[in-house]
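In: Sequence first, then the predicted structure, then my questions.
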There are 2 protein chains.
Amino acid sequence: MTVSRALNNRPNVKEETRRQVARMARKMGYIPDHIARSLVLRRTLTIGVVVPEITHSFFPEAIRGIEEAIYAAGYHLILTHSAEKAERERDALQTLESKRVDGILISTIETGGEVALYEHVIQRGTPLVFFDRCVYGIGASCVCIDDEESAQALTEHLIGHGYKRVAHLCGSPQVPIAEARFNGYKKALRKAKLALRKELVVESGFHERGGYEAMQKLLRLPAQTRPRAVVAVNDPAAFGAIKAIQENGLQLPRDIAIVGFSDDIRAALMPTPLTTVRQPAYLLGKRAAEKLLAIIEGNSEAGGKIIIATEQVIRQSCGCKVA
Amino acid sequence: MTVSRALNNRPNVKEETRRQVARMARKMGYIPDHIARSLVLRRTLTIGVVVPEITHSFFPEAIRGIEEAIYAAGYHLILTHSAEKAERERDALQTLESKRVDGILISTIETGGEVALYEHVIQRGTPLVFFDRCVYGIGASCVCIDDEESAQALTEHLIGHGYKRVAHLCGSPQVPIAEARFNGYKKALRKAKLALRKELVVESGFHERGGYEAMQKLLRLPAQTRPRAVVAVNDPAAFGAIKAIQENGLQLPRDIAIVGFSDDIRAALMPTPLTTVRQPAYLLGKRAAEKLLAIIEGNSEAGGKIIIATEQVIRQSCGCKVA
DNA sequence: TTGTACGCGTTATCAA
DNA sequence: TTGATAACGCGTACAA
């Protein structure tokens, strides 16, 4: 017992005893057992993270932000990866609960995941904070960017520079982020009193392939309907679309302007650099972690929405830049 | 006890009892406690990973490989991040030991870290496998690419296409990877009976900034000594060098050819796409994890070196491609 | 200041 | 087939 007190720098230990204990501990190669400690203290100083994807540049960056914040607070991180699969996400949450993490940070799978799962976690009393891909209305905190507002602003940027026929590659319906960006696109049109034309909204998914195919569909439209500008749901979709545009012998942005979303690392390096919206991934991860820690330590209530500001990155692909 | 047997599908439980237990468990929202289980079983089904960097595209990819392998084996992952700092690496290892992980995968900090630390871990009995950035000769398994051979092959590729004055941006001395690549460069020269010229080897570090500065140094050489081709220690250094080359009004690869190392995602997207060596990060992570698991489960001995083959990616920057 | 007894949730062992 | 007991390593409460 005295040993425990000594090693944890608790009061009521004779200074000399403390030194002796320290010396012996070192000599014996003693390493405290977090497991046993967690068992009795009922906390693990560990937070669990669930991401749907690791390769994508956004999440590693966000994880770095998370890591930074929790490391500073003396916590550790268990990383799980749902691979965009509901089954793996369920598994990950179960694991984290089993491991008795003190809190969970999660970015849901694209399709939104099973809400009941998240509710269950919260009911069990584990603080849960969503980041980037959130589920609202179940009492968990959400840290995200304002997809709708950002998409609206970017669409307005195009409209403001004179583009009238603006198309949208709209991701997948039912994916909250895609929906929000689509809404932003619609709002911008409405505000500019432009009609929403069904044929100018094509589902692209979130990857290059889908963007490519969706753009081809748009390019098959008769010349007078064909869009003059395109708002892609994200950068990869935009890359695919650009490929289609170029294969059709059209020039960027002279014939068709395009904007993306997320500032993929490749965006700046394209032959015609892509105008897009930068998501401050690091900051987002950090803020989410800070919010979670605050809840864990009782300094903050669960719930509420924290919005991280995005930044427009105007490059050449929108054709709006003063040369 | 019977409950424990029932839930873990152990024999010697009446079928009906098993069903009853299962029903109650569900009803009560029972979730097994990994912590308590780990305490008694002395294993956590968890492996610890230490990476020096998360943002870089290589490690997220490697982590994905690791994740895939250990998930399939029913293990979990604690991710720690040394941020290239010796202190944080020590901290990470200590944490992982404290958490009683069943094994550790580590890619050391650039400068190689404190060998005593790693030895200590091994002595305590925790299986340790190095990946990518390894420490040899302490009995731990190493999974890596053959830096020397790959660098040699790439240098020979240049020499084989007629380049005589080939310079090297050599990272930092004492960083094992840099040393190995430098050795490969030297071997290629020797094999071609070209002299190793001191002024053509400049230290660049591993980042763009250093590559830029190192290249400027090379460009200040008198015309007859100035290199006609450059082997950069990695892609970021090459990017910096390219910037310097272009700022000096020289053209790539007409005036100076350059090759990188690692196939950064940007390599293919440069105005003059960069010739480089692809490191199969995913595979490397996966193999390292598999080796570690094999050791943990007693199916393999610690020690030995597993080499993952690299792949040359010949693009425009070396000027060797048949147009 | 130091030490004793107990409990955290689970499993191994052995007896019923 | 089932259950009682001890043990894993640590911290809390309280006694010495």
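Out: Nice, thanks for sending it over. Here the structure is a predicted model, which is why all the values come from computation and not from measurement.
In: A:Ala232 reaches A:Ser204, doesn't it?
Out: Yes - if you go by CB atoms under 8 Å, A:Ala232 and A:Ser204 touch, sitting 7.0 Å apart. Any C-beta I mention is one placed from the backbone N, CA and C, and that applies to glycine too.
In: Backbone torsions only: list them for A:Val50.
Out: Main-chain dihedrals, A:Val50, degrees, to the nearest 10: phi -120, psi 120.
In: Beta-bridge partners for the closest residue to it other than its chain neighbours, please?
Out: Distances taken as CB to CB, 6 or more residues apart in numbering or on different chains put A:Ile106 closest to A:Val50, at 4.2 Å, once the chain neighbours are dropped. On the basis of DSSP bridges, A:Ile106 takes part in beta bridges with A:Val50, A:Phe130.
In: Which residue comes closest to A:Glu301 once chain neighbours are left out?
Out: Going by CB to CB, 6+ apart, A:Glu301 has A:Ile295 as its nearest residue, at 7.2 Å.
In: go on, A:Ile265?
Out: Going by CB to CB, 6+ apart, A:Ile265 has A:Ser57 as its nearest residue, at 5.2 Å.
In: ok, how many other residues are close to the one you found?
Out: 19 (other CB atoms under 10 Å in any protein chain shown).
In: got a list of what it touches?
Out: By CB atoms under 8 Å, 6 or more residues apart in numbering or on different chains, A:Ser57 lies in contact with A:264-265, A:281, B:57, B:265.
In: hang on, the earlier thing: please enumerate the shared neighbours of A:Ala232 and A:Ser204.
Out: A:169, A:211, A:241.
In: Tell me which entries of the residues you listed lie within helices.
Out: A:211, A:241 (DSSP state H).
In: And the shared contacts of A:Ala232 and A:Ser204, which is closest to B:Ile66?
Out: A:Gly211 (30.2 Å; CB to CB).
In: which residues does the closest one contact?
Out: A:169, A:204-205, A:232, A:236-241, A:244.
In: at 7 Å instead, please
Out: A:169, A:204, A:232, A:236-241 (CB atoms under 7 Å, 6 or more residues apart in numbering or on different chains).
In: Would you map the helices across chain A?
Out: Using DSSP H, helices in chain A cover A:2-7, A:15-28, A:34-41, A:58-72, A:86-98, A:115-123, A:147-160, A:176-191, A:208-219, A:235-247, A:281-296.
In: Tell me which of those helices lies nearest to B:Gly303.
Out: Using CB to CB, the nearest of the helices of chain A to B:Gly303 is helix A:15-28, at 26.6 Å.
In: can you tell me if the closest one touches DNA strand C.
Out: Yes - remark: helix A:15-28 sits within contact range of DNA strand C at A:Thr17, by CB under 7 Å from any atom of the strand.
In: State the distance from A:Lys307 to chain B.
Out: Lys isn't right for residue A:307; it's Ile. 24 Å (CB to the nearest CB, to the nearest Å).
In: mind checking how far A:Arg64 is from B:His168?
Out: The gap separating A:Arg64 from B:His168 is 31 Å, by CB to CB, to the nearest Å.
In: Between those two, tell me which one has more neighbours.
Out: B:His168 (29 against 19).
In: Contact residues of the stretch 1-150 of chain A facing DNA strand D?
Out: A:1, A:4, A:7-8, A:32-33, A:36-37, A:39-41.
In: which of the residues you listed are close to chain B?
Out: The subset of those within reach of chain B, by CB under 7 Å from any CB of the partner chain, is A:32-33, A:36, A:39.
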